[in-house]
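> missing the sequence, but the structure's below:
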């Protein structure tokens, strides 16, 4: 497996596009967007996990990433991640201005599953560890902010 994962980079960039749009939206609509989560330790764990997931989706560090078990694994990885990314983007489109528990949880669970699944499929220890940090903290923060 090469040091750069083109598929992982593409999936990550696509996941980041709606988040960038939302960040720009949030800059101009500060009154409607509030962070109810006040646990700085949890937020640090989430950010460490997030940046680890972003980095290790794209970059395979030798000795920590062992590649595909077989050729079919590549196809499964691409198909499953493409489907999850598509669902993620559709939820963003249809629920953009709706503050609901469904939106909060689906938009936190789906990327968590993408990162963990990708780590397992590519056998990337660093991506798996990052997703284990990211997933519970991101889901919990999203849940608390949606309440």
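Structure's in. What do you need? Keep in mind it's a predicted model, so treat the numbers as computed, not measured. Numbers count the residues shown, from 1 in each chain.
> now for whichever helix in the chain runs longest, which elements pack on it?
Of all segments of type helix in the chain, defined using DSSP state H, the longest is helix 71-95. In this structure, helix 71-95 packs against helix 6-28, helix 101-122, with contacts taken as 3 or more CB pairs under 8 Å, 6 or more residues apart in numbering; DSSP states H and E. In this view, the C-beta of every residue, glycine as well, is placed from N, C-alpha and C.
> buried ones in it, by neighbour count?
74, 77, 81, 84-85, 88, 91-92 (16 or more other CB atoms under 10 Å).
> middle-most residue in this protein, spatially?
Nearest to the geometric centre of the chain sits residue 111, at 3.2 Å (CA atoms, centre = their mean).
> let me know the distance separating that one from residue 29.
Between residue 111 and residue 29 the computed distance is 23 Å (CB to CB, to the nearest Å).
> can you tell me which helix or strand the residue nearest to residue 8 when sequence neighbours are not counted belongs to?
The shortest distance from residue 8 to any non-neighbouring residue, by CB to CB, 6 or more residues apart in numbering, is to residue 57 (3.8 Å). Using DSSP states H and E, residue 57 maps to helix 40-58.
> can you point out the buried residues in that helix?
For helix 40-58, by 16+ other CB under 10 Å, it's 42, 45-46, 49-50, 52-54, 56-58.
> show me which pair in these is furthest apart.
Distance extremes for these: the farthest pair is 42 and 58 at 25.3 Å, using CB to CB.
> okay, now the unreliable bits of this structure?
1, 30-34 (pLDDT under 70).
> near the nearest residue to residue 91 once chain neighbours are set aside, how many other residues are there?
In this structure, residue 91 finds its nearest non-sequential neighbour in residue 106, 5.2 Å apart by CB to CB, 6+ apart. Per other CB atoms under 10 Å, the neighbour tally for residue 106 reads 17.
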